[in-house]
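Enquirer: Build me a model:
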Amino acid sequence: MHSTVRRFIKTGLGFGAAGLVLGVYMLALREIGGRWPDPYLVSAHAHAVLVGFVMFLILGVALWLFPRPEKDDARYTPGRIDAVYWILTLSTAARLVSEASRAWVRSPALGWIVLAGGVGQAVGLALYFWTMWGRIRPVGSHLREARGERF
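Expert: The predicted model follows:
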């Protein structure tokens, strides 16, 4: 497993931990404090878990398991995947922190940061999919299928 894959997976685990802490806080707030969590906290929690944890793990494992890029693949470069990592990490972190902050601080600037984080997440995911497209191909399975093997 190379360093970029480890970085995606470990970052995903970090966002997962943040999502767990925020989730426990919201659960205690609701069950012990008798107050329903602010919708911004719910959204921050959802993005920490679904984008930060789940997507980062999926992207890291896909990067690890998919076939190597073909030599003439112009889309895939390690530098482009590094750029995707940083776009997604910074965007998801900005969204998590700014949305959680909106539960306590009413500032229009935070709304712009949330929006920028959401756009960054969409751009990062689209760039990842575009970059990895050529790596989604059969490697040996098409030969087994041609022989009639089903799996």
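
Enquirer: Let me know the pLDDT of G134.
Expert: Model confidence at G134, expressed as pLDDT, equals 88.

Enquirer: what secondary structure does the residue nearest to it when sequence neighbours are not counted sit in?
Expert: Take G134 and drop its neighbours on the chain: the residue closest to it by Cβ to Cβ, 6 or more residues apart in numbering is D73, 4.4 Å away. To be clear about C-beta, it is placed using only N, CA and C from the backbone, and glycine gets the same treatment. When classified by DSSP: H, G, I helix; E, B strand; the rest coil, D73 comes out as coil.

Enquirer: and D73, how many neighbours?
Expert: By other Cβ atoms under 10 Å, the residues close to D73 number 15.

Enquirer: I'd say it and W133 touch.
Expert: No. The pair D73 and W133 fails to qualify as a contact (Cβ atoms under 8 Å) at a distance of 9.1 Å.

Enquirer: number of nearby residues for the residue nearest to E70 when sequence neighbours are not counted?
Expert: Closest residue to E70 apart from its sequence neighbours, by Cβ to Cβ, 6+ apart: G134 at 6.4 Å. Burial of G134, expressed as a neighbour count using other Cβ under 10 Å, amounts to 16.

Enquirer: and what of L65?
Expert: Using other Cβ under 10 Å, L65 has 9 other residues around it.

Enquirer: distance of it from G12?
Expert: Separation of L65 from G12 (Cβ to Cβ, to the nearest Å) stands at 15 Å.

Enquirer: repeat for G60
Expert: G60 is 6 Å from G12, where distance means Cβ to Cβ.

Enquirer: now the strands: where do they sit in the chain?
Expert: Counting by DSSP state E, the chain forms no strands at all.
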